[in-house]
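Peer 1: Next one to model:
(2 chains)
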Amino acid sequence: MGDDKVFEIGKHRAVLPGGLLYAPANHLWCAPAGHAGAWRFGFTSYALALMKDIYFLDWSLSAGMRVAQLGQIGHIETSKAESDLYSPMDGVVERFNDRALADPAIVNADGYGDGWLYEIAGDAEPARFVGAAAYLEHLHANWENTQRMIKGGMNRIVDEPSGDEEA
Amino acid sequence: MSRNRVTVVISQAQGKNPVRRGLEESLAAALLMEPGVELSIVPHLYDLEPGHTGRLFLESVAGDMIVIGWFYPRAGFWLLDRMGVKGREGSSPMHPVAEDDGESDEGDEKPEKMSPIGATGTIPDRQITLLDLRAKPGHEAYVEEVRRIIGEARARQEAARASRPAALVELGLPKPAPVPDPSALAAPPAARRWYPVIDYSRCTNCMQCLDFCLFGVYGVDGGERILVESQDNCKKGCPACSRVCPEQAIMFPEYKTPAIAGAPVGAVSGLKIDLSKLFGGGDPMATAARERDRELEKDGRQAVGPTVGMAPRRATRATTPPDELDGLVDALDKLDI
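Peer 2: Purely as a prediction, here's the structure:
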């Protein structure tokens, strides 16, 4: 695995651990979750830096249900943002992190550890997961669009943040 | 004391979720013992078809009313309005709303902002307060809030009484509604329904929903005002028109996403950034077109994509006060990319 990477947002340094994989389209990190084909996901420090303190997490599925890649999996409200959340892969949701659901502060406090979100079991490693260096590149490449989105404020924007929108 | 009772209505959850039923039952038991409360239980407001006993009852209530159910207060209020059950919307500290929705500084920032239609018809001088049963886990908080609202109503009536000649007081009091048979009121409706609910305090009559929906749900009334004309034409689970509405005036109270289900607009979407797109969601307009295509195909019709009935989106509106994005955007600005 590669070195840790850092993406700077003003004074904030969003660390991207080199030992993890990333789903750039969802700003999630992922790591193998115990058995073959299962992955654990959580927000990257970049995602958390944009959202700030999490107030509510709400999952629209239950454990054991199937989810399609980019199918809606839940909703989040934070001090700065609200967002629907979408699955990074096809598969079955094996479990949600009850601790994070009960007290989302853990996600802000320990996003790469105890603040993980859920585990999904699918087929092999989905091809879209990339290492820290490639994720960092993705962040740089899309930073201008992301700023426009944030400054625009509302959810009605015309530009795509990245070129990998599903057909 | 008994003459001046406030009607409290519990609107049941759809389905038979035991947790939800449990809360409804414990709340009902507590409210039955509560002085000054006239309690009734009806099915979910969304499913009450015309002629349902529960709906007839709601229509018959003349005075102040508290409706407690499993929906956002905004959705509940406009559902009642749609049934012709009108009044002033009461507020509750249980459901803080965003501060005034941008009316304070007119002029500069919002060129040509169309004004909302607002509620139409005669609005009776009474207060309807809605409480969302998803807000608190136990029944106690709701009983507490009902007491507070009743106390406030009493104070209001006292003040009115003091300022009016005695002879008129009796006439001014709301007539207590006849107490119907509770089991008949709660009789389950024929089926679950699915249709849009328009928030006329936001709707500007722009007609984009009418152009967009290809299933004939929307129409206009005699005064050229947009309305949900053929609600049963609506496609179950499809919230596409809500995404297309530039004012977020269209609600589907049972949809998962709060912004579509009627969450307070100012408190969530107005002041907060929607990052759905960043986290893998598509453009709402593209999503709406996809959802519409899916329903068209289910009906054996041709998918039309985003070309039909979708006006080019106006430039992003400057609805967010700059200070709301404080630290984050300041940090972004400093980068000056």
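Peer 1: Check what pLDDT the residue lying closest to B:H52 once chain neighbours are set aside gets.
Peer 2: Nearest residue to B:H52, sequence neighbours excluded (C-beta to C-beta, 6 or more residues apart in numbering or on different chains): B:P189, at 5.8 Å. Where you see a C-beta, it was placed from the backbone N, CA and C, and this is true even at glycine. pLDDT, B:P189: 77.
Peer 1: Am I right that B:P189 is in contact with B:P50?
Peer 2: No - applying C-beta atoms under 8 Å as the test, B:P189 and B:P50 come out as separate, 10.9 Å apart.
Peer 1: So for these two, which residue has more residues nearby?
Peer 2: Between B:P189 and B:P50, B:P189 has the larger neighbour count (other C-beta atoms under 10 Å in any protein chain shown), namely 17 against 9.
Peer 1: do you know how far that one is from chain A?
Peer 2: 25 Å (C-beta to the nearest C-beta, to the nearest Å).
Peer 1: again, but for B:R88
Peer 2: Taking C-beta to the nearest C-beta, one finds B:R88 at 29 Å from chain A.
Peer 1: tell me the helices in the stretch 1-150 of chain B, going along the chain?
Peer 2: With DSSP state H, counting those that start in this stretch as the criterion, the stretch 1-150 of chain B has helices at B:18-32, B:53-60, B:73-83, B:140-162.
Peer 1: Which one of those helices lies nearest to B:S276?
Peer 2: Evaluated over those, closeness to B:S276 peaks at helix B:73-83, with 20.3 Å, by C-beta to C-beta.
Peer 1: Can the closest one be said to contact chain A?
Peer 2: No - figure legend: helix B:73-83 not in contact with chain A (C-beta under 8 Å from any C-beta of the partner chain); closest approach 15.8 Å.
Peer 1: elements contacting that helix?
Peer 2: If you count contacts as 3 or more C-beta pairs under 8 Å, 6 or more residues apart in numbering or on different chains; DSSP states H and E, helix B:73-83 packs onto helix B:53-60, strand B:65-69, strand B:127-132, strand B:197-198, strand B:250-251.
Peer 1: Can you check the pLDDT for B:Q208?
Peer 2: With respect to pLDDT, B:Q208 scores 95.
Peer 1: circling back to that earlier point, which among the helices and strands packed on helix B:73-83 is found nearest to A:L85?
Peer 2: Closest approach to A:L85 among the helices and strands packed on helix B:73-83 (C-beta to C-beta): strand B:250-251, 21.1 Å.
Peer 1: Mind pulling up the pLDDT for the residue of chain A found nearest chain B?
Peer 2: Of all residues in chain A, A:G10 sits closest to chain B, at 2.7 Å by C-beta to the nearest C-beta. Here the pLDDT value assigned to A:G10 is 84.
Peer 1: all strands for the chain, in order.
Peer 2: With no chain named, the answer covers chain A. Ranges of strands within chain A are A:5-9, A:12-16, A:21-23, A:28-32, A:38-43, A:54-59, A:66-67, A:72-78, A:81-86, A:91-96, A:118-121, based on DSSP state E.
Peer 1: looking at chain B here, not the other one
Peer 2: Under DSSP E, chain B gives strands at B:6-11, B:37-42, B:65-69, B:88-90, B:127-132, B:197-198, B:218-220, B:226-228, B:250-251, B:273-274.
Peer 1: Format these as JSON lines; extra columns: mean pLDDT and mean neighbour count.
Peer 2: Output for those, formatted as JSON lines (pLDDT from 0 to 100; neighbours: other C-beta atoms under 10 Å in any protein chain shown):
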{"stretch": "strand B:6-11", "mean pLDDT": "96", "mean neighbour count": "25"}
{"stretch": "strand B:37-42", "mean pLDDT": "95", "mean neighbour count": "21"}
{"stretch": "strand B:65-69", "mean pLDDT": "97", "mean neighbour count": "26"}
{"stretch": "strand B:88-90", "mean pLDDT": "94", "mean neighbour count": "18"}
{"stretch": "strand B:127-132", "mean pLDDT": "96", "mean neighbour count": "24"}
{"stretch": "strand B:197-198", "mean pLDDT": "98", "mean neighbour count": "24"}
{"stretch": "strand B:218-220", "mean pLDDT": "96", "mean neighbour count": "16"}
{"stretch": "strand B:226-228", "mean pLDDT": "96", "mean neighbour count": "19"}
{"stretch": "strand B:250-251", "mean pLDDT": "97", "mean neighbour count": "27"}
{"stretch": "strand B:273-274", "mean pLDDT": "74", "mean neighbour count": "24"}
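Peer 1: now for those strands, which one comes closest to B:P116?
Peer 2: B:P116 lies closest, by C-beta to C-beta, to one member of those: strand B:197-198, at 10.5 Å.
Peer 1: So, low pLDDT: which residues of the chain?
Peer 2: Went with chain A since none was named. Scanning chain A for pLDDT under 70 picks out A:1, A:123-125, A:152-167.
Peer 1: Actually, chain B is the one I wanted.
Peer 2: Looking at chain B by pLDDT under 70, you get B:1-3, B:97-113, B:164-184, B:266-272, B:312-337.
Peer 1: make it 80
Peer 2: The model of chain B has pLDDT under 80 over residues B:1-4, B:96-113, B:163-186, B:189-190, B:256-258, B:265-274, B:282-283, B:311-337.
Peer 1: okay, which residue is most central for it?
Peer 2: Geometric centre of chain B, nearest residue: B:A75, 1.5 Å, by C-alpha atoms, centre = their mean.
Peer 1: Measure how the lengthiest helix in chain A sits relative to strand A:5-9, angle-wise.
Peer 2: In chain A, assigned by DSSP state H, the helix with the most residues is helix A:132-152. Following axes from the mean of the first three to the mean of the last three C-alpha atoms, to 10 degrees, one obtains 10 degrees for the angle between helix A:132-152 and strand A:5-9.
Peer 1: For helix A:132-152, name the packing helices and strands.
Peer 2: For helix A:132-152, the packing partners by 3+ C-beta pairs under 8 Å, 6+ apart come out as strand A:5-9, strand A:12-16, strand A:21-23, helix A:45-51, helix B:326-335.
Peer 1: Repeat the analysis, applying 7 Å as the threshold.
Peer 2: strand A:5-9, strand A:12-16, helix B:326-335 (3 or more C-beta pairs under 7 Å, 6 or more residues apart in numbering or on different chains; DSSP states H and E).
Peer 1: Pull out the buried positions in it.
Peer 2: Residues of helix A:132-152 classed as buried: A:132, A:135-136, A:138-139, A:142-143, A:145-147, A:149-152 (neighbour count, 16 or more other C-beta atoms under 10 Å in any protein chain shown).
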